[in-house]
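[1] Fold the following for me, if possible:
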Amino acid sequence: MDASVLLKSCSNGASEIVSQCSAAVTTFLFNITMMKLLGGDGVAAITVLIYSQFLLTTLYIGFSMGTAPVVSYNYGSGNVKQLKKTVRICFSFIAGISIFVFLFSLLGGESIAKVFAGDNRNVFEITRKQYHYF
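    Presented below is the predicted three-dimensional model:
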């Protein structure tokens, strides 16, 4: 076992741990705030919103993971023409997906709330109203 490689790996992953810790702290603070404001139903509603937001952002994550090798290959090979074409396609796709996610959230918020809230009418109403504030 090479300690220097382990140390380098840990320092390289430090940004990920900071990101995960900040998400945990933010979620904790959301839960405390919603518990004070709206009780358990408020916590359930914010959970629905956070989970649905995560599901929609996976489109971006998957796209970036899929295109990273193409961008890297073209950058590494010095193929500026293909790199510019790839970046242009990426920006167009991201713009299109952004519009789709916005409209889906705006117009489909009630349907998303129904899926996650189930039979709990209070959680459904809180969630439905909040989709219009984002």
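[2] Check the offset of the helix or strand hosting residue 35 from the chain's centre.
    Assigned by DSSP states H and E, residue 35 belongs to helix 14-77. Chain-centre distance of helix 14-77: 4 Å, with C-alpha atoms, centre = their mean, to the nearest Å.
[3] Same check on stretch 2-16?
    26 Å.
[4] So which residues make contact with stretch 108-128?
    38, 41-42, 44-45, 47-49, 51-52, 105, 131-132 (C-beta atoms under 8 Å, 6 or more residues apart in numbering). All C-beta atoms are positioned from the backbone trio N, CA, C, and that covers glycine.
[5] swap the cut-off to 6 Å and go again
    41, 44-45, 48, 52, 131 (C-beta atoms under 6 Å, 6 or more residues apart in numbering).
[6] and if you look at stretch 20-38?
    42-43, 46.
[7] mind running it again at 8 Å?
    So stretch 20-38 is contacted by 42-43, 45-46, 50, 126 (C-beta under 8 Å, 6+ apart).
[8] got a winner among these for most neighbours?
    In terms of neighbours by other C-beta atoms under 10 Å, the contacts of stretch 20-38 top out with residue 45 at 25 neighbours.
[9] Report the spatially closest residue to that one, excluding sequence-adjacent ones.
    Nearest residue to residue 45 in three dimensions, chain neighbours excluded: residue 126, at 3.8 Å (C-beta to C-beta, 6 or more residues apart in numbering).
[10] which SSE is the one you found in?
    Per DSSP H and E: helix 121-131 holds residue 126.
[11] show me where pLDDT drops low in the chain?
    132-134 (pLDDT under 70).
[12] just to revisit the earlier point, would you mind writing the CA trace of the helix holding residue 126 as PDB?
    Output in PDB follows, covering the C-alpha atoms of helix 121-131 (Å, rounded to 0.1, in the frame of the first residue of the first chain):
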ATOM      1  CA  ARG A 121     -54.300  15.600   0.900                       C
ATOM      2  CA  ASN A 122     -52.400  18.000   3.100                       C
ATOM      3  CA  VAL A 123     -49.000  17.000   1.800                       C
ATOM      4  CA  PHE A 124     -50.300  17.100  -1.700                       C
ATOM      5  CA  GLU A 125     -51.700  20.700  -1.300                       C
ATOM      6  CA  ILE A 126     -48.400  22.000   0.300                       C
ATOM      7  CA  THR A 127     -46.300  20.400  -2.500                       C
ATOM      8  CA  ARG A 128     -48.600  21.500  -5.300                       C
ATOM      9  CA  LYS A 129     -48.500  25.200  -4.200                       C
ATOM     10  CA  GLN A 130     -44.700  25.100  -3.800                       C
ATOM     11  CA  TYR A 131     -44.200  24.000  -7.400                       C
END
